Each structure stands twice: as C-alpha cells, then as structure tokens.
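K.L.:
The following comprises the amino acid sequence and a computationally predicted model.
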Amino acid sequence: MAEKPHFNPHIAAAPVYTAGTSAEEVAARYGVTDVIKLASNENPLGPSPKAVEAIAGALEALYRYPRVSDDVLRERLAAHAGEGITPEQIATANGGTEMLSLIALGFIEEGHEAIITPPTFPMYEILVRRRGGHVVRAELTSDYRYNVEAILEAITPRTRLIFICSPNNPTGTIITHAEAERLMAGVPGHVVVVFDEAYVDFVDHPEHVRSLDFVRQGRYVIVVRTLSKSYGLAGLRVGYAIAHPELAEYLWRCRLPFHLGALSLAGALAALDDPDHVARTRQVVIEGRRWLHRQLAEMGLNPVPSQSNFLVFRPGYDPQQVYEHLLRRGVVVRPAGFFYMPDWVRVTVGTREQNERFVTALKEVLDELGAREAAGEAVSRPSGQITL
Ligand SMILES: Cc1ncc(COP(=O)(O)O)c(C=O)c1O
C-alpha cells in the first residue's frame, strides 16, 4: 500500500465546527421561499450602510496588498474602547474565531491544559485539542452561572488558558464583575484569562464584568471582541483583542502578513464610525429578547434569561426533530447539542416580524408533535447526546 502522509493526530482527532444551516440550503431542500435564519446570532438589521459604501469604494484598490500594519484600525479600536486603552493594547484578526485560534497557537503546546466552562462556545475545545492540549471542564452551575471556585480548583501547573464567555453562548448568562474579581484574585501568573465578549453590546445587566479594568491594571487577560454581531459584519471577518501590551504584541507575532484584507479594513473603519447602527441593533435585540423570553416562558419551555441576542429553551421533544419541523416552515434555529446542551434549542433574536413568525411556527410544531404523541405515534425524546 502507498505510504500515507503524516497527518497531525491532534488535528485529525479534534471535532470539526459545524455552522448553522444557511437560508439558501433550506430554500433548496424544502422548496420554501422567504426563509428566516435565526441560527447564527447574526444582526437582524444587516450591516451598517456606511460599511457597505466604504467596502464598495475600496474595490478599485484590490490589486494592491493591504497595509501591512493595521495601525489606523488599532487606533480607532482603542479610541472606541475608551477607558484609557491604547493601540499597543489592541491586536486584530479575521473574526473573533481567528483571534481565539491565535491565542491557542500562542499559548497551548502538547500536554498543556485549558479550562472551559460548559455549556459554552465549542471553538475553545476544538482549538485547544487541535494543538494537543487537554480541556479541563469547570461546568456552569445548574442555573448557568459561572462557578468561580470550581474554575480556581481546576487550575494546575499545566494550565495555560481559562476561557470565560460573557455573555455566554449558548446560555446568554454572564459573569458579574464581583465574580470576575474573585476569579482574578485566585488566578496565578502563568495562566492567561480570555474574556470572550462577542456579544457584549447586548448586555443591559449593571453588574456585567468590566474586563477592561483588568487590562488597565496590567493583568494577563485577553478580551476578545468582534464586528460580526452588533456591527452586522459577520461576513467580513473582523475581530480583535484588547490585552496587556505584551500579550497584544505576542498575538501580533502569531499572525500572517497582510492578514486583514483591504475590504475588511475599509469596512471595519467605516462601521466604527456608525455608532447609531449599533445603538439601533441593541434596541431591537433587547426588546426582541424580552418579548421572546415571555412567549417561550408562557409556552412552558424554560428559556434561560439571556443578556445576548439569542435564547435557549427546552422544547421537551428531540431538538433535532423540532429543528427539522421548523425548517419545513422556513424557520432555521440551532439544536444546542453542539454547545453542550443536548436537550435544548437556541434561537437568535430577529426583527419583531421574524420573532412572531418563529413563535407561530414553534407553536404549530409542538402542537403537531403533541397530537402525534396523543395518537400513540412514536415521537423522539431528547437524546441527551452532546454532538461536539
Ligand atoms: C462566543 C463566541 N465567540 C466568538 C465568536 C466569533 O465570531 P466571529 O469569528 O464571527 O467574530 C462567536 C460566533 O458565533 C461566538 O459565539
């Protein structure tokens, strides 16, 4: 037999990220027009028109390499963060996900440990395992709060990273500033704490962690943010980190030259000049999640109170079955098994009209499954299976 290439066993064995189903796929598969996608926590209002215009204006210069240094963007991001943050404390990447990948590249070697807090964003585990690292779990409490003591107890001399997602995907719950202070008080110097704040612009809880305080105090923390959610630029792929200058410089070394495309740079700069778009998005999301929470609670589906632009709820039936029935009605949601919540479904907050369509479709689906069950037909129950 021909000799095979030597595949890196860690990469070969790590789970692969599966994305939410696209509206186009659903339209083609079920012949439904007017599909609404509430599966990937995208912005219900679309991108900032200013960003779209700037991207169109940058097209003619595409034959040139983008600026090697993205100093201008880093300056703008620092000014945007405020609170005395300087450009030396900023590093950029192609989305928050690439920033997380650079962090894993920079800090995880074979046999190192990273602490994650399931249920949470699966990319932490995927990226750590790709590097040959071990994932140590400090689960959230039964009401999906951070268990600071469990996290501190999980630290060993081999721990390199702790991932804190706030608001957390998929629960929408947060770490409070008091909890984060307790955590930081117990974290030793060899451990870097990553605060993933992809959804921070949707928070209205007054006690949410003020992670930039830790950056300003010179602690070894990395705050990851993105333009994919509140800025409506998920397709552009721009994310960034706010960190101790030594960490920001180190992350810079982990990147490739010309790493942000010319269109990304142009679109990001313009989007940062459009705070009204973010403010409008925030308003639609906060109103929408209140309304959706009430509806789901009235249906007895146990939604977890969310500080983000999505909610998880427990439909009582197999989430995959509920998902497929909703697809046939042109509504795309996300079974949460991939996010360590096998009995739950996650729905992104949409426009008022989209939220209403989702609730109507969900009621129909649950009624239909209930009627089938009453007629003695087999309906599948939650499998309890984490699909990561
Ligand atoms: C918790 C969390 N972090 C980071 C990201 C990264 O998003 P992006 O790579 O689009 O910036 C996501 C996207 O869904 C997320 O849910």
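P.N.:
Yep, it's here.

K.L.:
And the next helix or strand past the worst-scoring helix or strand of the chain on mean pLDDT?
P.N.:
Scoring the helices and strands of the chain by mean pLDDT, DSSP states H and E places helix 23-30 at the bottom, with a mean of 86. Using DSSP states H and E, the helix or strand that follows helix 23-30 towards the C-terminus is strand 36-37.

K.L.:
can you tell me the helix or strand for Ile242?
P.N.:
Element membership of Ile242, judged by DSSP H and E, is strand 239-243.

K.L.:
The helix or strand just after that strand - contacts with which helices or strands?
P.N.:
The helix or strand immediately downstream of strand 239-243 is helix 245-253, counting by DSSP H and E. Secondary-structure packing of helix 245-253 (3 or more C-beta pairs under 8 Å, 6 or more residues apart in numbering; DSSP states H and E): strand 90-93, helix 95-107, strand 239-243. Yep, even glycine has a C-beta here, placed from its N, CA and C like the rest.

K.L.:
at 6 Å instead, please
P.N.:
Contacts defined by 3 or more C-beta pairs under 6 Å, 6 or more residues apart in numbering; DSSP states H and E place helix 245-253 against strand 90-93.

K.L.:
Leaving out the residues flanking it, which one is nearest to Arg130?
P.N.:
Leaving aside its chain neighbours, Arg130 sits nearest to Ala14 (4.5 Å; criterion: C-beta to C-beta, 6 or more residues apart in numbering).

K.L.:
To what extent is the one you found buried, counted in neighbours?
P.N.:
Other residues lying near Ala14 total 17 when counted by other C-beta atoms under 10 Å.

K.L.:
Over to the one 10 residues further on?
P.N.:
By other C-beta under 10 Å, 10 other residues sit near Glu24.

K.L.:
What's the separation between it and the ligand?
P.N.:
Per C-beta to the nearest ligand atom, to the nearest Å, Glu24 is found 19 Å from the ligand.

K.L.:
swap in Lys363?
P.N.:
Remark: distance between Lys363 and the ligand (C-beta to the nearest ligand atom) = 27 Å.

K.L.:
per-residue pLDDT, that residue?
P.N.:
pLDDT, Lys363: 98.

K.L.:
repeat for the one 3 residues further on
P.N.:
On the pLDDT scale, Leu366 is placed at 97.

K.L.:
Can you give the contact residues for the helix or strand encompassing it?
P.N.:
Secondary structure from DSSP H and E places Leu366 in helix 352-374. Contacts to helix 352-374, defined as C-beta atoms under 6 Å, 6 or more residues apart in numbering, come from residues 36, 38, 288, 292, 295, 317, 322, 325-326, 329, 331, 379.

K.L.:
just stretch 94-113 next, same as before
P.N.:
Stretch 94-113 is contacted from outside by 93, 123, 127-128, 131-134, 136, 158-161, 192, 198, 224, 226, 237, 239, 241, 250-251, 254, using C-beta under 6 Å, 6+ apart.

K.L.:
Then stretch 127-135?
P.N.:
Contacts with stretch 127-135, where a contact means C-beta under 6 Å, 6+ apart, come from 10-11, 14, 100-101, 104, 108, 110, 112-114, 116, 125.

K.L.:
Residues of the stretch 151-300 of the chain that sit close to the ligand?
P.N.:
165, 169, 196, 198, 226, 228, 234, 239 (C-beta under 6 Å from any ligand atom).

K.L.:
in those, which two residues are the furthest apart from each other?
P.N.:
Pairwise distances across those (C-beta to C-beta) peak at 17.2 Å, for the pair Cys165 and Ala234.

K.L.:
Just list the residues touching the spatially closest residue to Thr92 that is not a sequence neighbour, thanks.
P.N.:
Nearest in space to Thr92, with sequence neighbours left out and distances taken as C-beta to C-beta, 6+ apart, is Tyr240 at 4.7 Å. By C-beta under 6 Å, 6+ apart, Tyr240 lies in contact with 77, 90, 92, 225.

K.L.:
between those residues, which is nearest the ligand?
P.N.:
The ligand lies nearest to Arg225 out of the contacts of Tyr240, by C-beta to the nearest ligand atom, at 8.3 Å.

K.L.:
Got the phi and psi for Gly189?
P.N.:
For Gly189, the backbone dihedrals (degrees, to the nearest 10) come out as phi -60, psi -20.

K.L.:
distance of it from Ile222?
P.N.:
15 Å (C-beta to C-beta, to the nearest Å).

K.L.:
Of these two, which one has the most company?
P.N.:
Set Gly189 next to Ile222 and count neighbours by other C-beta under 10 Å: Ile222 wins out with 29 against 7.

K.L.:
Helix or strand for the more buried one, just tell me which one.
P.N.:
Ile222 belongs to strand 221-226 when assigned by DSSP H and E.

K.L.:
What lies in contact with the least confident helix or strand of the chain?
P.N.:
Helix 23-30 has contacts (C-beta under 6 Å, 6+ apart) with 35, 37, 327-328, 332.

K.L.:
average pLDDT across the strand holding Ile242?
P.N.:
Mean pLDDT, strand 239-243: 98.

K.L.:
Using CSV, list the CA coordinates for it.
P.N.:
This file holds the C-alpha atoms of strand 239-243, laid out as CSV (Å, rounded to 0.1, in the frame of the first residue of the first chain):
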residue,chain,number,x,y,z
GLY,A,239,-12.4,40.6,15.3
TYR,A,240,-9.9,42.0,17.8
ALA,A,241,-8.3,41.6,21.2
ILE,A,242,-7.8,44.1,24.0
ALA,A,243,-5.0,42.9,26.1
